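Student: pasting the sequence and the predicted model now:
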Number of protein chains: 2
Amino acid sequence: MDRFLSTATNKIDSKGRVSVPAHFRAVVAKRGYQELYALKALDRPALDVGGLDLLDRYEERIAMEDPFLQSADDMSYFVHGDSDFLKLDQDGRITVSEFIRAHTGITTEVAFVGRGTFFQMWEPARLAEYGAQVRARLLKMRQAASNEISNGGTE
Amino acid sequence: MDRFLSTATNKIDSKGRVSVPAHFRAVVAKRGYQELYALKALDRPALDVGGLDLLDRYEERIAMEDPFLQSADDMSYFVHGDSDFLKLDQDGRITVSEFIRAHTGITTEVAFVGRGTFFQMWEPARLAEYGAQVRARLLKMRQAASNEISNGGTE
DNA sequence: TTGACGCCCATATAGGCCCATGGTATCCCT
DNA sequence: AGGGATACCATGGGCCTATATGGGCGTCAA
């Protein structure tokens, strides 16, 4: 399997380190990532983490913009300034910097969430809350859809 | 990695010096910059710092302006006259001159912000404010885009 | 002579490397 | 099938190096 799947929560130790789930590390190795690129998600208190190809994709997108417009500058700030590299130590751990804590609210535990081509880091309680909201939205959407189909909704 | 990435804040000592983050120094070395060229960002209280290619980019920018207009002359002055070289001492520090302080408002701490091919120096509080504005603009841009998509139907 | 600046050294802390421990799931052998 | 051995993994911690920071001293120029 070469995609990031499932969710796991690990503890931060006294030196501020946390283990990246072994399954995720295997995916990182399989994809040949030498370094992990972390980006603050725009509308959520989470960190998106992936390989350098994530950065490459963003940079290609920026290159399409007029470099002298504000939008290009904004994107560059977001991609280059509001991001960081996460270095895995040889036990597969990363140190949780102030950069990460500030944006996510992470203090003692980290929830790692697989998202296919990348994964996310969350503060566990906030993730639970977010997950509940997502489920509620999906449920509402499905109910709306089955009503439209004139009460025929199966399940 | 050969790109300036992430943000770090360092303190200015009693002699007016501040350490350039080690990661940035590594990029400077990798890019083969012998000297750091610093110029005042056009519309922000920040300093753009990079190699000589940064100067090229600004000149390109000026070339796009109508040469008969005042603005081109202003910009030329700005780039060529109102700029400076930053010398790294052997511990990787630079002196924060009055030139820098006046434009940025920097007093006791400097936030170094990676921008890919160059980096910026900010007064930390001003950077925080600017970052919040950028994120708000990007979020708005994305929401506008997703509205278009839901009207258009494709993804 | 004074002040700015470069060079050198000192030190505390953060971060990386290495190894140890304990828990858990798995496998194997009887 | 049961019980013990084993492999893997999260976690903890010692130690050493790199880095940021502080400060002394000499040099050069105004």
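Tutor: That came in fine, so what should we check first? The model shown is predicted, which means the values in this text are computed figures rather than measured ones. Residues are numbered from 1 along each chain as shown, chains lettered A, B, ... in the order given.
Student: okay, now the unreliable bits of chain A?
Tutor: For chain A, applying pLDDT under 70 flags the ranges A:149-155.
Student: can we see that at 90?
Tutor: Residues of chain A that meet the criterion pLDDT under 90 lie in A:1-2, A:34-35, A:65-70, A:141-155.
Student: what does it put close to DNA strand C?
Tutor: Where proximity means Cβ under 7 Å from any atom of the strand, the interface of chain A facing DNA strand C comprises A:Lys15, A:Gly16, A:Lys87, A:Asp89, A:Gln90, A:Asp91, A:Thr95, A:Ser97. Using the backbone N, CA and C atoms, a C-beta is placed for each residue, glycine as well.
Student: how about the contacts made by A:Gly116?
Tutor: For A:Gly116, the residues meeting the contact criterion (Cβ atoms under 8 Å, 6 or more residues apart in numbering or on different chains) are A:Arg3, A:Phe4, A:Leu5.
Student: from A:Val20, how far off is the closest residue to DNA strand C within chain A?
Tutor: Using Cβ to the nearest atom of the strand, A:Lys87 is the residue of chain A that sits closest to DNA strand C, at 3.8 Å. A:Lys87 sits 11 Å away from A:Val20 when distances are taken as Cβ to Cβ, to the nearest Å.
Student: give me the more crowded residue out of the two.
Tutor: Regarding A:Lys87 and A:Val20, a neighbour count based on other Cβ atoms under 10 Å in any protein chain shown identifies A:Val20 as having more, with 24 against 10.
Student: now do the buried residues in stretch A:55-63.
Tutor: Along stretch A:55-63, the positions that meet the burial threshold by neighbour count (16 or more other Cβ atoms under 10 Å in any protein chain shown) are A:Leu55, A:Tyr58, A:Glu59, A:Ile62.
Student: correct me, but the second one touches A:Met75?
Tutor: By that I understand A:Tyr58. Yes - under the contact definition of Cβ atoms under 8 Å, A:Tyr58 touches A:Met75, with a separation of 7.2 Å.
Student: near DNA strand D, which residues of chain A?
Tutor: That would be A:8, A:10-11, A:13-15, A:18-19, A:21-23, A:26, A:91-93, which are the residues of chain A within reach of DNA strand D (Cβ under 7 Å from any atom of the strand).
Student: buried among those residues? Make that a PyMOL selection.
Tutor: Of these, the buried ones can be selected in PyMOL as follows, counting by 16+ other Cβ under 10 Å:
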select buried, chain A and resi 8+10+18+19+21+92+93
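Student: in strands only, show me the residues of chain A next to DNA strand D.
Tutor: For the residues of chain A next to DNA strand D, the ones inside strands are A:Ala8, A:Asn10, A:Lys11, A:Val18, A:Ser19, A:Arg93, with DSSP state E as the criterion.
Student: skipping adjacent residues, who's closest to the third one in space?
Tutor: The shortest distance from A:Lys11 to any residue other than its chain neighbours is 5.4 Å, reached at A:Glu109 (Cβ to Cβ, 6 or more residues apart in numbering or on different chains).
Student: for B:Arg135, see how far away the one you found is.
Tutor: Taking Cβ to Cβ as the measure, A:Glu109 and B:Arg135 are separated by 26 Å.
Student: please apply the same query to A:Leu138.
Tutor: From A:Leu138 over to B:Arg135 the distance is 26 Å, taken as Cβ to Cβ.
Student: likewise for A:Leu36?
Tutor: Distance check for A:Leu36 against B:Arg135: by Cβ to Cβ, it reads 22 Å.
Student: same check on A:Arg17?
Tutor: When Cβ to Cβ is applied, the distance between A:Arg17 and B:Arg135 equals 28 Å.
Student: in the host helix or strand of A:Ser71, which residues are buried?
Tutor: A:Ser71 is part of helix A:70-76 when elements are defined by DSSP states H and E. For helix A:70-76, the neighbour count (16+ other Cβ under 10 Å) marks A:Ala72, A:Asp73, A:Asp74, A:Met75, A:Ser76 as buried.
Student: any residues touching it, and which ones?
Tutor: Residues beyond helix A:70-76 that count as contacts (Cβ under 8 Å, 6+ apart) turn out to be A:Tyr58, A:Arg61, A:Ile62, A:Glu65, A:Asp66, B:Arg115, B:Gly116, B:Val134, B:Arg137, B:Leu138, B:Met141.
Student: for chain A, which residues are neighbours of chain B?
Tutor: Within chain A, the positions near chain B by Cβ under 8 Å from any Cβ of the partner chain are A:35, A:42-43, A:52, A:55, A:59, A:68, A:70-71, A:74-85, A:99.
Student: redo that, cut-off 7 Å
Tutor: Residues of chain A lying close to chain B (Cβ under 7 Å from any Cβ of the partner chain) are A:35, A:42-43, A:68, A:71, A:74, A:76-78, A:80-85.
Student: for the lengthiest helix in chain A, packing partners?
Tutor: Longest helix in chain A by number of residues (criterion: DSSP state H): helix A:124-148. The elements that helix A:124-148 packs onto, with contact taken as 3 or more Cβ pairs under 7 Å, 6 or more residues apart in numbering or on different chains; DSSP states H and E, are strand A:109-114.
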